[in-house]
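Asks: How does the following fold in three dimensions:
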Amino acid sequence: MDLIRPFERADIPQIVELFRAAFQRNGAHSPIQLDRYFERVFFENPRYDTELPSWVHVSETGVIDGFIGVQPKRLHFRGRPLRVIAATKLMAAPTATPLVASRLLRRVLAGPQDLLFSDISNDAGRRIFEALGGTTIMLYSLKWQRPVRPVRHALAWLRAHGVPAVVTQALRPLGSVADRMLGRRERPRHSIEDLSLASLAKCPSELLVHGILRPDYDEPWLAWLLGLAQQNEPERVLFRRLVRDERQEPAGWFLYFLEPGGMAEVLQLGARKDARALVVDALLADTRDAGATIVSGRLERSMVREMSARHCFFRQADHWALVQTRDPEILATIAAGNAFLSRLEGEW
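Replies: So this is what the prediction gives:
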């Protein structure tokens, strides 16, 4: 008889093979890297909770043919601590019996958590999730983008779409001059410095004073999570920045990955209510100075006005943000965009 049981360390080799069959068509990771990934993500999380395990489906022949991962996190809602999970890596073998994925997700939804949040679900996962009572949150399924070196970005786009390299390389010097002219700006009203983990742990509580639903961080968890993020993206450079205003008071902060090709992905962006414009300007300036050609990130509802004024554009992201909670007040808060749910609160 088939069964669903908690994921154990001894299951990792089977889960790696299942993952390679389900997601890994390009061989981007070696088996050793994947072994280490599953151990680090699901057993070394400082907030690991035996009451919130990941789950496997075992077939009648004793083979694991389904998996769903659970990553425990913590948030505060109106000052009340919440047990939160991100559900990730839902997968089933082609030979699995029907509805294995649905049964695994149903088991996770029945857990003792206060909130489930997943932010990189595909269309198939979204359909299963909604059929079981989950909700797609459109606001958190949107992203914003803004070229910061528009000419260089345009040349990269042309090269990626078949324009010969000899042409785009010949145009680069002219493009650099044009980008410098377009990038001229007034003397900044801010200063930027590296953001320590100790300071990052305090930012949501100290700067988002009106945040109804916000993260609960500590240094060990941040060190683990950002280390994991960097391990997963070894070709990208992680920047952590604190922004100070003219009075040298903390105004906001941001984290982003910079790819070798010039794409900057914002992982988190937060600001005091009276300093949002200043922090958005600081982000655009810092990414440009770091060598980015274009910046993108999840939509931050509180900064839509500031982003629109700076000619950012918005579109549906490549994935869906999904939520499940038994508390209608929490659901209403998230649906209205009044929750601070960055990429750090999602799946890794």
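
Asks: Tell me the helix or strand right after the helix or strand harbouring P72.
Replies: Counting by DSSP states H and E, the element that carries P72 is strand 64-77. The C-terminal neighbour of strand 64-77 among helices and strands, as given by DSSP H and E, is strand 80-92.

Asks: Run the angle between that next one and strand 64-77 for me.
Replies: On the basis of axes from the mean of the first three to the mean of the last three C-alpha atoms, to 10 degrees, strand 80-92 is oriented at 160 degrees to strand 64-77.

Asks: Which element is encountered next along the chain beyond strand 80-92?
Replies: Once the chain leaves strand 80-92, the next helix or strand it forms, by DSSP H and E, is helix 100-109.

Asks: Dump that next one to PDB, keeping only the CA atoms.
Replies: These are the backbone C-alpha positions of helix 100-109, laid out as PDB (Å, rounded to 0.1, in the frame of the first residue of the first chain):
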ATOM      1  CA  VAL A 100       0.100  12.100  -6.000                       C
ATOM      2  CA  ALA A 101       1.000  15.800  -6.200                       C
ATOM      3  CA  SER A 102      -2.400  16.700  -5.000                       C
ATOM      4  CA  ARG A 103      -2.200  14.300  -2.100                       C
ATOM      5  CA  LEU A 104       1.200  15.700  -1.000                       C
ATOM      6  CA  LEU A 105       0.000  19.300  -1.200                       C
ATOM      7  CA  ARG A 106      -3.200  18.400   0.700                       C
ATOM      8  CA  ARG A 107      -1.000  17.000   3.500                       C
ATOM      9  CA  VAL A 108       1.000  20.200   3.700                       C
ATOM     10  CA  LEU A 109      -2.100  22.400   3.800                       C
END
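
Asks: contact partners of it?
Replies: 4, 55, 57, 65-68, 70, 85, 87, 90-92, 116, 128-129, 131-134, 324 (C-beta atoms under 8 Å, 6 or more residues apart in numbering). C-betas here are computed from N, CA, C, even on glycine.

Asks: that older thread, pull up the pairing partners for the strand holding P72, direction included.
Replies: Taking DSSP bridges as the criterion, strand 64-77 forms sheet pairs with strand 55-58 (antiparallel), strand 80-92 (antiparallel), strand 213-215 (antiparallel).

Asks: Pull out the buried positions in that strand.
Replies: Neighbour-count burial for strand 64-77 flags 64-77 (criterion: 16 or more other C-beta atoms under 10 Å).

Asks: Give me the angle between that strand and helix 100-109.
Replies: Computed with the same axes, to 10 degrees, the direction of strand 64-77 lies at 30 degrees from that of helix 100-109.

Asks: wait, T293 sits on P260?
Replies: No - distance between T293 and P260: 11.2 Å, which falls outside the contact criterion (C-beta atoms under 8 Å).
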